[in-house]
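>>> only geometry, no sequence info:
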């Protein structure tokens, strides 16, 4: 495959930022643009237009990962992240060295980037990459994954993104001493309240991981006693969707899962939060929606349910679109279409106790099936199975998104 373009952007983003500020007459202290959003936009422009810089040559990316002892969960997730172009290029260019606030070595990010370098090596000298060093460093950071027992891929993904973010955070570490005091935004519109909370989040947590994967959920509560509406906003890096139950073998669509996730839920007094106006627990209704859409949305199909005595797995077939997944109906009112294209799938085959993870990922030459060290081409009509577990979608109608 021909080498994809990328650039060595050391120092150039800040220079371009200063240049834009100068040309447009913008004042840094008054302009209502977060550093994260501005940085992401400028990075996208640089990757597309700066052809005079050193080019980033890439191989096919069709390289397997060695299973080093029940590590199929790791291999499948890493392959999906490896095909997240915005993260891949960032790692291969080692841009984090110029961004991160901490002076300490980003050991996990270095090891992760080394794995990606092996996968995308233009010389393609190795047909299989060994992720042992990366996994050892990860286990040191997250002892929960010590040993060689079977692990959950979605849990691994969450821990990995969190640890990578911590190492490359552009903001200084601030120890949280407790729950932040609630701020009242009653006089503001919902969009202003959400923007204020997002800005506050970026003051502590701002990294390439946030640029790509972080979105904002809105939880709306309606008190049945006084009819008061209140909103809370939470940052998310993936959406965990329930799968509708079927009394017979039948197909479920991803839209039905999204509908179930966002449908209004009735809460009794025992399970409801305090009503701000009544100042007591009352019956209320709760609804979830997406307030801010991420560049990459990770959708987890919640196939595993835990009861008091056991864990069971749903094998319901969930169909999902490969292109033009419209999440607009689950966002703010009148936000219009918000379209995403699928680029990677993490699959789980087997049972709770005897399972195996694989991945399907797309590149410019089509889709491939990644089964540890084995890599084989796969057609689009083979992607839809009842093994689909975590879906990776890239936003397609955003000017800030750069795809390979």
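The structure has been received and is ready for your questions. What you are looking at is a predicted structure, and each value in this text was computed from that prediction instead of being measured.
>>> Quick check: which ranges of the stretch 201-350 of the chain have low pLDDT?
Residue ranges of the stretch 201-350 of the chain with pLDDT under 70: 247-249, 269.
>>> contacting residues for the residue nearest the centre of the chain?
The centroid of the chain falls nearest to residue 213 when counting by Cα atoms, centre = their mean (3.3 Å). Applying Cβ atoms under 8 Å, 6 or more residues apart in numbering, we find residue 213 in contact with 161, 237, 238, 294, 295, 296, 298. The way it works is simple: take the backbone N, C-alpha and C, and place the C-beta from them, glycine included.
>>> For residue 303, grab the count of nearby residues.
Per other Cβ atoms under 10 Å, the neighbour tally for residue 303 reads 19.
>>> got the contact list for the closest residue in space to it that isn't next to it in sequence?
Once flanking residues are discounted, residue 303 sits nearest to residue 314: 4.6 Å by Cβ to Cβ, 6 or more residues apart in numbering. Listed by Cβ under 8 Å, 6+ apart, the contact partners of residue 314 are 243, 303, 304, 305.
>>> for the stretch 201-350 of the chain, what spans make up the strands?
Secondary structure of the stretch 201-350 of the chain (DSSP state E, counting those that start in this stretch): strands at 215-223, 229-236, 239-241, 252-253, 265-267, 284-292, 296-301, 304-306, 311-313, 318-319, 325-326, 339-350.
>>> Help me confirm that residue 76 is found in a helix?
Yes - secondary structure assignment places residue 76 in a helix (DSSP: H, G, I helix; E, B strand; the rest coil).
>>> For residue 381, which of the strands of the stretch 201-350 of the chain is the nearest?
Among the strands of the stretch 201-350 of the chain, strand 318-319 comes nearest to residue 381, with 11.9 Å by Cβ to Cβ.
>>> helices and strands around that closest one, which ones?
Using 3 or more Cβ pairs under 8 Å, 6 or more residues apart in numbering; DSSP states H and E as the contact test, the elements touching strand 318-319 are strand 252-253, helix 254-262.
>>> Now render those as CSV, adding mean neighbour count and distance to residue 72.
Shown next, in CSV, are the helices and strands packed on strand 318-319 (neighbours: other Cβ atoms under 10 Å; distance: least, Cβ to Cβ, whole Å):
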stretch, mean neighbour count, distance to residue 72
strand 252-253, 17, 25
helix 254-262, 17, 24
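>>> So which of these is nearest residue 60?
helix 254-262 (29.3 Å).
>>> quick one, the closest one and strand 215-223 angle?
Inter-element angle recorded for helix 254-262 and strand 215-223: 50 degrees (by axes from the mean of the first three to the mean of the last three Cα atoms, to 10 degrees).
>>> mind listing the helices for the stretch 51-200 of the chain?
72-82, 85-92, 96-99, 107-119, 132-141, 153-168, 190-202 (DSSP state H, counting those that start in this stretch).
>>> Output the ones you listed in CSV, with distance to residue 364 and mean neighbour count appended to each entry.
Output for those, formatted as CSV (distance: least, Cβ to Cβ, whole Å; neighbours: other Cβ atoms under 10 Å):
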stretch, distance to residue 364, mean neighbour count
helix 72-82, 14, 25
helix 85-92, 10, 23
helix 96-99, 25, 16
helix 107-119, 15, 20
helix 132-141, 26, 16
helix 153-168, 24, 20
helix 190-202, 33, 16
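>>> can you list the ones you listed in CSV and add distance to residue 274?
Below are these laid out as CSV (distance: least, Cβ to Cβ, whole Å):
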stretch, distance to residue 274
helix 72-82, 39
helix 85-92, 40
helix 96-99, 40
helix 107-119, 40
helix 132-141, 37
helix 153-168, 29
helix 190-202, 18
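>>> quick one: which of the ones you listed is nearest residue 375?
The nearest among these, by Cβ to Cβ, is helix 72-82 at 8.9 Å.
>>> Show me what that closest one packs onto, helices and strands only.
The contact analysis (3+ Cβ pairs under 8 Å, 6+ apart) places helix 72-82 against strand 64-65, helix 85-92, helix 107-119, helix 153-168, strand 339-350, strand 355-363, strand 366-371, strand 388-395.
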